[in-house]
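**Student:** Kindly generate the corresponding structure for this input.
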Amino acid sequence: MDSTTPSTLGAALLALLLIGALLGVVTPSARTADFTPEATRDGLTARARFRHAVMHAIVRALQRRRSRQVVPPGAVAAWCDAIARRLRSGETLRQVLADERPTHVALAARTAPLRRELGSGAAVVDAVAASALAASGGGLDLVWSVLAIASGYGGSAAEPIDRVASALRLRSADAHERSAQSAQARLSAHVLTAVPVLVLALLVSTDPDVRLIVLRPAGGLLVGGGLLLNVLGWSWMRHIVASQTT
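**Tutor:** The predicted structure follows:
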């Protein structure tokens, strides 16, 4: 099973809930709310509050999911490029950090505390420190360090941020190279995991003797043990591949 399957199923479930809530926002009874008694209006208000709560819960769940996504170093490098470009045009560091929103969804969610703190009037040093505590990984640790030094000691921050972007682009290129080199190992892991399960399903569906053996206690134990070993082997291969690509 692919590692992205749980997140894909979760996204599909959230999408179905969102569509259902949107379809339920406008109902025939809601269109005639102005012509119904007060008791009916109170009922519609309760349903509207319920729909609002459901929509709010879905939005919060989507935001949490985005904040947990992996931020690639290339996206952080693009954000640093945009910051350095605006700093060279004469804008202040505070203005740029408050206005520049990354195009990557997960990175925008990770850097939202920075813009929120700056919007509430916090100093750049304090906003960067709070953001460093709230979000890290994907090269953000390096960005927070450079921004903290630049905001604390003054001077032009465009050149240090440019160097951070260059370092992150090199890191991204290295990650892509390792991913390309491990592609064959990942494919082998998927094949070695899927083929036994598919062969077992084919034999069970076409051969009565195999079905008879599988339905017996001893046969069921053998099949269960084989599937357990298959899952353990898949997990071990994933671990080996991940250790080589990080």
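
**Student:** Can you point out the buried residues in stretch 114-126?
**Tutor:** Neighbour-count burial for stretch 114-126 flags 114-115, 117-118, 122, 124 (criterion: 16 or more other C-beta atoms under 10 Å). The C-beta positions use only the backbone N, C-alpha and C, and glycine is treated the same way.

**Student:** ok, now stretch 129-146?
**Tutor:** The neighbour-count check on stretch 129-146 (16+ other C-beta under 10 Å) flags 129, 131-132, 134-135, 138-140, 142-144, 146 as buried.

**Student:** Give me the lowest-pLDDT entry from those.
**Tutor:** Among the buried residues of stretch 129-146, residue 138 has the lowest pLDDT, at 66.

**Student:** where along this protein do the strands fall?
**Tutor:** With DSSP state E, there are no strands along the chain.

**Student:** so where's it uncertain?
**Tutor:** The chain contains residues with pLDDT under 70 at 1-44, 47, 50, 52, 56-57, 59-69, 138, 244-246.

**Student:** burial measure for residue 147, as a count.
**Tutor:** The tally of other residues near residue 147 (other C-beta atoms under 10 Å) stands at 26.

**Student:** Also residue 183?
**Tutor:** Counted with other C-beta under 10 Å, the neighbours of residue 183 add up to 10.

**Student:** likewise the one 10 residues further on?
**Tutor:** Around residue 193 sit 18 other residues, with neighbours defined as other C-beta under 10 Å.

**Student:** Which segments of the chain make up each domain?
**Tutor:** By the assignment in automatic domain parsing, the chain contains the domains 5-68, 73-173, 182-245.

**Student:** you'd agree residue 160 is up against residue 146?
**Tutor:** Yes. Counting by C-beta atoms under 8 Å, residue 146 is a contact partner of residue 160 at 4.9 Å.

**Student:** rewinding a little: check the buried residues of stretch 114-126 and tell me the two furthest apart.
**Tutor:** By the measure C-beta to C-beta, 115 and 124 form the most distant pair in those, at 11.7 Å.

**Student:** Need the residues touching each of those two.
**Tutor:** Common contacts of residue 115 and residue 124, defined by C-beta atoms under 8 Å, 6 or more residues apart in numbering, comprise residue 97.

**Student:** And residue 216, its phi and psi?
**Tutor:** Taking degrees, to the nearest 10, you get phi -80, psi 150 for the backbone angles of residue 216.

**Student:** actually residue 122, not the one I wrote
**Tutor:** Main-chain dihedrals, residue 122, degrees, to the nearest 10: phi -70, psi 150.

**Student:** So it versus residue 148, what's the distance?
**Tutor:** With distances taken as C-beta to C-beta, to the nearest Å, residue 122 is found 13 Å from residue 148.
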